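Colleague: show me the folded form of this:
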Amino acid sequence: MQTKAAAEGRLHSGPTGRVSVVVEGGISPQRAQLAGPTESLNSSDQLQHGDVDRGVKRFVRQSVQHSQIGTISQLLAGGVAGAVSKTCTAPLARLTILFQIQGMHSDGASLHKASIFREASRIVSEEGIRAFWRGNLVTIAHRLPYSSISFYTYEKYKSIMKSLPGMEKHRDNLSTDLCIRLLGGGAAGVTAASVTYPLDLVRTRLAAQTNVLYYRGITHALYTICRDEGIKGLYKGLGPTLLGVGPNIAISFCVYESLKSAWEFERPQDSPVAVSLACGSLSGVASSTATFPLDLVRRRMQLEGAGGRARVYNTGLLGTFRQIIRTEGWARLYRGILPEYLKVVPSVGIVFMTYEIMKVLLSQRHSKE
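Modeller: Below is the predicted model of the structure:
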């Protein structure tokens, strides 16, 4: 569920992404053409003086160049960035899932003995090193369309909202732009999560398997779930997933923009890349903390009836929350949060860097053609 909204302030830069370019230290040529003489002069003066370093100038030029890549290239860059990030952080992601589901069929004594080191050692000794990447193939199969749909629909939703009647009057309003980006990000997250949800459920079930393998792969898992639980079984836990998308995007965006603005005001000479990476990581921690209970409930609902096991929760989202709190305590809603924290920084960083590298390569190829 962890949409990388923390990095979207830079990642979603395109022909319509005026705010992202302005925030990074300049304005796009399109914006400059629409601006008045004073605004253009101020922007030029800003780029010529020492308050904006060479790294920012380079980024502004690259942002303009990258915005020219086509739709297919944007989809490819976003998909590859998500897939590479998920592959690199797969061991921590699987540990998170295993911790989240421990309360479903385990007794209280086993819960108190659990730790990251102990669980990692068990995986190595009983399942082998490769087991850390169990379900990674379906993770990539899920992440490629998820990231691509997120990036693509984000730009489309922004364009639609900006073309609504009456929006011309607020085109230069920063608050309006921020609202459009927030709503566009939330709508893109809901769209991507809904379209790719069956793959997310299969990924959870494959990653949750330990010594007994009930599902032998993606195709077998999809067939078995449809056979045993019906088509609806592929959408177990969709409710908490969609509920978590909005708060996740909102918290990530607000924390990212607030931290980034404060940082650039106090230390304008720092590298934009380092600032975005640091702020993106902190916003990821904040959004994970706020939405982790929903994510835990989602995982458990996804595993309801898996592998022929008896159902544990039969009362929906709120009933599942109440049952977990009653049987395990409030603290158990955050079981697995530590490995989740540990993967935030590398995950955001890898997405950030991979996406930028892909845009450079694709834009260079586009310019040659």
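
Colleague: point out where the chain drops to low pLDDT.
Modeller: 1-71, 105-114, 170-172, 366-369 (pLDDT under 70).

Colleague: ok, longest helix in it?
Modeller: helix 174-208 (DSSP state H).

Colleague: would you mind identifying the next helix or strand past it?
Modeller: As assigned by DSSP states H and E, the chain's next helix or strand after helix 174-208 is helix 218-229.

Colleague: which neighbouring elements make contact with that following helix?
Modeller: helix 136-162, helix 174-208 (3 or more C-beta pairs under 8 Å, 6 or more residues apart in numbering; DSSP states H and E). (C-beta placed from N, C-alpha, C; glycine too.)

Colleague: just put the ones you listed in TSV and tack on mean neighbour count.
Modeller: Listed next are the helices and strands packed on helix 218-229 as TSV, based on neighbours: other C-beta atoms under 10 Å:
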stretch	mean neighbour count
helix 136-162	21
helix 174-208	20
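
Colleague: residue 363: which of those helices is closest?
Modeller: Closest to residue 363 of the helices and strands packed on helix 218-229 is helix 136-162 (C-beta to C-beta; 15.1 Å).

Colleague: tilt between the closest one and helix 174-208?
Modeller: Put simply, helix 136-162 runs at 160 degrees to helix 174-208, going by axes from the mean of the first three to the mean of the last three C-alpha atoms, to 10 degrees.

Colleague: run the chain-centre distance for helix 136-162.
Modeller: The chain centroid and the centroid of helix 136-162 are separated by 10 Å under C-alpha atoms, centre = their mean, to the nearest Å.

Colleague: same check on stretch 150-167?
Modeller: The answer for stretch 150-167 is 20 Å, by C-alpha atoms, centre = their mean.

Colleague: ditto for stretch 340-351
Modeller: With C-alpha atoms, centre = their mean, you get 10 Å for stretch 340-351.

Colleague: adjust the sequence numbering to begin at 56 for everything that follows.
Modeller: Right, with 56 as the first residue, what we last looked at is stretch 395-406.

Colleague: can I get the helices and strands packed on helix 273-284 in CSV including distance to residue 392?
Modeller: As requested, the helices and strands packed on helix 273-284 are arranged in CSV below (distance: least, C-beta to C-beta, whole Å):
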stretch, distance to residue 392
helix 191-217, 20
helix 229-263, 17
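
Colleague: how far away is residue 230 from residue 218?
Modeller: Taking C-beta to C-beta, to the nearest Å as the measure, residue 230 falls 19 Å from residue 218.

Colleague: swap that for residue 365, please
Modeller: 52 Å.

Colleague: same question for residue 366.
Modeller: Distance from residue 366 to residue 218, by C-beta to C-beta: 47 Å.

Colleague: burial measure for residue 348, as a count.
Modeller: Counted with other C-beta atoms under 10 Å, residues neighbouring residue 348 total 20.

Colleague: that one in helix, strand or coil?
Modeller: Following DSSP: H, G, I helix; E, B strand; the rest coil, the label given to residue 348 is helix.

Colleague: how about it, what does it touch?
Modeller: Residue 348 sits next to 376, 388-389 when contact means C-beta atoms under 8 Å, 6 or more residues apart in numbering.

Colleague: please redo it, this time with the cut-off set to 6 Å
Modeller: Applying C-beta atoms under 6 Å, 6 or more residues apart in numbering to residue 348 gives the contacts residue 388.

Colleague: how close does it get to residue 300?
Modeller: Applying C-beta to C-beta, the value for residue 348 to residue 300 is 15 Å.

Colleague: re the thing from before, neighbour-wise, which of residue 365 and residue 218 wins?
Modeller: Per other C-beta under 10 Å, whichever of residue 365 and residue 218 has more neighbours is residue 218, with 10 against 7.

Colleague: gap between the more buried one and residue 206?
Modeller: Separation of residue 218 from residue 206 (C-beta to C-beta) stands at 19 Å.

Colleague: same question, residue 129
Modeller: Residue 129 sits 6 Å away from residue 206 when distances are taken as C-beta to C-beta.
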